[in-house]
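Colleague: Model the following, please.
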Amino acid sequence: MPCFRPWPSAGLIGTLLLTGCTSGLPRLPNLPQLPQLPGQPDESNVRISDAAPVPPLQPGNNVIVDAVAKVGPSVVRIDTTKRVINPLGGLFGRGPTIQEQQGQGSGFITRSDGVLLTNAHVVDGASEVSVTLPDGRSLTGKVLGSDPLTDVAVVKVVATDLPVAPLGDSAKLRPGEWAIAIGNPLGLDNTVTAGIISAIQRTNAVGEGQRVPYIQTDAAVNPGNSGGPLINDRGQVIGINTAIRQAPGAGLSFAVPINVARQIAAQILERGFASHPYIGVRLQALTPQLAREINATTDQCRLPEANGVVVVDVMQNSPAAKGGLKPCDLIESVGGRRVRNPSEVQLAVDQGKVGDDLAVVVRRGSATTNLTLRPAELPRQN
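Modeller: Sure, this is the predicted structure:
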């Protein structure tokens, strides 16, 4: 029986013309091919391209696929429960006294006995931590310690023979190299995105005075990626995805270098907390314009009209005060490293150790002065 269809309305033509009539109805016989009209070109012989054929991609030749295969099995999802006090709880029936807040992030296993790294803000204040492995297993996690200054935390689960992520060397990174992010953005497990390293040593990524020289990438990172690994094309972890900055039509992401995370994690595993040295000064980035304004408005400082870092204030009884550092000193180097802004001073101090001598070179007036400071332990936040 022939198949008859009513003529579709204009709004349905695009859909109905792609639909066949196949519900057990007889097929039309093959019709003879119409002869080619005189003057009509033979399209079967028209060359669209003369490019040489591309050989098919051989399995295993994709560096991103290979890198993800090495690290992916060690990337976990972290679900947290945080209990908070409801100030209106119990009053006039406005909810319970204690409320639960759910959170989610990522992490990656670094030791086969169940040690994993993540962000401090992922597990901050969590009363319960659940770790889900890529194979579907869910394990209870214990936070061994966290460091809010670098946003690094160490979590432990009871397990053995777990897959681990190889750690790379973030000191060797160069802008333009591959950067691959793995995590659980927006609750979508085992998501992979790729980009390049846009910049390194970003000390002003999330504000001034940071203790972390962040890695900047253009790989797509979203809430839920926090704590997940940033890896290179060799399948090595080079950073922990930590922060994002979004703007219309663009987005930037930042990662804690794995060398910094490795150092903090080692301290947490050894003593339960991270140690940070401090010297006790308030600093200001100096420019020629600012130097001219200061020299014109006060007699307390005579600063060179140059770029640098000037000491604004020194805390009483601080390592800086005991070492002879004074307001109006222009800091030129710390620990043998040239410094150009307050963040570089902070990073150089953080490279030192509590109680060890730290060489500081300052310009005081027209003279250069060599000082020796002994950083103290920065008080930990409760």
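
Colleague: contacts, neighbours, all on C-alpha from now
Modeller: Fine.

Colleague: Just say helix, strand or coil for the nearest residue to residue 365 once chain neighbours are set aside.
Modeller: Leaving aside its chain neighbours, residue 365 sits nearest to residue 302 (6.2 Å; criterion: C-alpha to C-alpha, 6 or more residues apart in numbering). Three-state assignment for residue 302 (DSSP: H, G, I helix; E, B strand; the rest coil): coil.

Colleague: Adjust the sequence numbering to begin at 15 for everything that follows.
Modeller: Okay, using 15 as the starting number, the last item reads as residue 316.

Colleague: For residue 77, see how far away residue 316 is.
Modeller: 57 Å (C-alpha to C-alpha, to the nearest Å).

Colleague: With neighbour numbers in mind, choose between those two.
Modeller: A direct count of neighbours by other C-alpha atoms under 10 Å for residue 316 and residue 77 places residue 316 higher, at 17 against 14.

Colleague: what are the bridge partners for residue 195, then?
Modeller: Going by DSSP bridges, residue 195 is paired in beta bridges with residue 207, residue 244.

Colleague: and it, what is it in contact with?
Modeller: Contact analysis of residue 195 by C-alpha atoms under 8 Å, 6 or more residues apart in numbering lists 206-208, 233-235, 242-245, 255.

Colleague: Show the pLDDT at it.
Modeller: In this model, residue 195 is scored at 95, pLDDT.

Colleague: Check the one 5 residues further on too.
Modeller: pLDDT, the model's per-residue confidence, is 84 for residue 200.

Colleague: Check the burial of the closest residue to residue 135 other than its chain neighbours by counting its neighbours.
Modeller: Distances taken as C-alpha to C-alpha, 6+ apart put residue 165 closest to residue 135, at 6.4 Å, once the chain neighbours are dropped. Residues lying near residue 165 (other C-alpha under 10 Å) number 21.

Colleague: so residue 165 sits right up against residue 138, yeah?
Modeller: No: counting by C-alpha atoms under 8 Å, residue 165 does not reach residue 138; the two are 9.8 Å apart.

Colleague: low-scoring stretches of the chain, by residue?
Modeller: Across the chain, the ranges flagged by pLDDT under 70 are 15-59, 71-75, 100-111, 221-224, 260-264, 395-396.

Colleague: what's the offset of the lengthiest strand in it from the middle of its chain?
Modeller: The longest strand of the chain (DSSP state E) is strand 112-125. Mean-position distance between strand 112-125 and its chain equals 16 Å (C-alpha atoms, centre = their mean, to the nearest Å).

Colleague: repeat for stretch 81-94
Modeller: Taking C-alpha atoms, centre = their mean, one finds the center of stretch 81-94 at 15 Å from the center of the full chain.

Colleague: Could you do stretch 62-70 as well?
Modeller: 40 Å.

Colleague: end-to-end on that stretch?
Modeller: 20 Å.

Colleague: sorry, back to before: need the CA coordinates for the longest strand of the chain. PDB is fine.
Modeller: Extracted C-alpha coordinates of strand 112-125, given in PDB (Å, rounded to 0.1, in the frame of the first residue of the first chain):
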ATOM      1  CA  ILE A 112      22.000  22.900  63.800                       C
ATOM      2  CA  GLN A 113      22.000  23.000  60.000                       C
ATOM      3  CA  GLU A 114      24.000  21.000  57.600                       C
ATOM      4  CA  GLN A 115      25.800  22.500  54.600                       C
ATOM      5  CA  GLN A 116      26.900  20.300  51.700                       C
ATOM      6  CA  GLY A 117      30.100  20.900  49.700                       C
ATOM      7  CA  GLN A 118      32.000  19.300  46.900                       C
ATOM      8  CA  GLY A 119      35.400  19.400  45.400                       C
ATOM      9  CA  SER A 120      38.200  17.300  44.000                       C
ATOM     10  CA  GLY A 121      41.500  15.700  45.100                       C
ATOM     11  CA  PHE A 122      44.200  13.300  44.000                       C
ATOM     12  CA  ILE A 123      45.900  10.400  45.600                       C
ATOM     13  CA  THR A 124      49.700  10.700  46.200                       C
ATOM     14  CA  ARG A 125      50.400   7.600  48.300                       C
END
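
Colleague: Can you give the strand pairings for that strand, parallel or anti for each?
Modeller: Sheet pairing of strand 112-125 (DSSP bridges) gives strand 89-99 (antiparallel), strand 129-132 (antiparallel).

Colleague: Can you list the neighbours in contact with the shortest one?
Modeller: To tie it back to what came earlier, the one meant is strand 129-132. Strand 129-132 is contacted from outside by 120-124, 166-171, 240-242, 254, 279, using C-alpha under 8 Å, 6+ apart.
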